[in-house]
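In: I would like to see how this sequence folds:
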Amino acid sequence: MKCTAAGNCPSTGRPGKFGRGRRHLLGACLAVCLALLCSCGELRPLPAAIEPQGYTAIDYQGMLHPRRAGLQAGQMVRVQAYFWQFLDYDPAMVRNYLSLVRHPLGWPRLRWFAVYGSEEMKGYYDLAALDASRLHLYNLKRLDRIVLYGQLSSLGPGFYLHVHHVDKMVED
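Out: The predicted structure is shown next:
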């Protein structure tokens, strides 16, 4: 006996090959759509002016573990760190490529960089991003002590720090 167009087999009432295939395809499509929606990063516009008092001071450990520190997406923060380098690799490849679908023009303009929490190079963090158009404003060298002013933004299940401004700290 042949299965009906709806995919049910008339003799058993259970789905035939056609019905199962359709359900698997539908499930796969839903999973892909859900992954795209959940994994996309936010790309918010830069503020017109940087007001340092408008940024909440957090400790470096809070940046490494923002959920534990009670931080949320959209929060404006400032944190002290030690610059390491601009990255030649993509620190969150899958999440970043999914974000590219959502922000095809703005996302590739982000320049990712890494920082440490101390001069002893403890607490590596490579999810800081700066707009490439602002790179010329900062002459950062390895282990420069800096203050990052930025906004925590969603990147799939986690956050990245979208940096608005960088200040070098002057050593006493």
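
In: need the pLDDT of the closest residue in space to Tyr149 that isn't next to it in sequence.
Out: Counting by C-beta to C-beta, 6 or more residues apart in numbering, His165 is the residue found nearest to Tyr149 once chain neighbours are left out, at 4.3 Å. Backbone N, C-alpha and C define where each C-beta goes, glycine included. Predicted confidence (pLDDT) for His165: 94.

In: show me where pLDDT drops low in the chain?
Out: Applying pLDDT under 70 to the chain flags residues 1-21, 29-46, 90-108, 156, 171-172.

In: let's see 50
Out: Low-confidence regions of the chain, defined by pLDDT under 50, span residues 36, 38-39, 103, 105.

In: quick one, domains of it?
Out: For the chain, the domain assignment from automatic domain parsing gives the residue ranges 1-39, 55-168.

In: still on that earlier bit, now do the contacts for the residue nearest to Tyr149.
Out: By C-beta atoms under 8 Å, 6 or more residues apart in numbering, His165 lies in contact with Ile50, Leu148, Tyr149, Gly150.

In: what residues are up against the third one?
Out: By C-beta under 8 Å, 6+ apart, the contact set of Tyr149 is Ile50, Pro52, Tyr55, Met76, Val77, Arg78, Val163, His164, His165, Val166, Asp167.

In: repeat the analysis, applying 6 Å as the threshold.
Out: Contact criterion C-beta atoms under 6 Å, 6 or more residues apart in numbering gives Tyr55, Arg78, His164, His165 as the residues in contact with Tyr149.

In: narrow those to just the buried residues.
Out: Buried members of those, scored by 16 or more other C-beta atoms under 10 Å, are Tyr55, Arg78, His164, His165.

In: against Met76, how distant is Tyr116?
Out: Noted for Tyr116: a distance of 22 Å to Met76, by C-beta to C-beta, to the nearest Å.

In: those two: which is more packed in?
Out: Tyr116 (18 against 15; other C-beta atoms under 10 Å).
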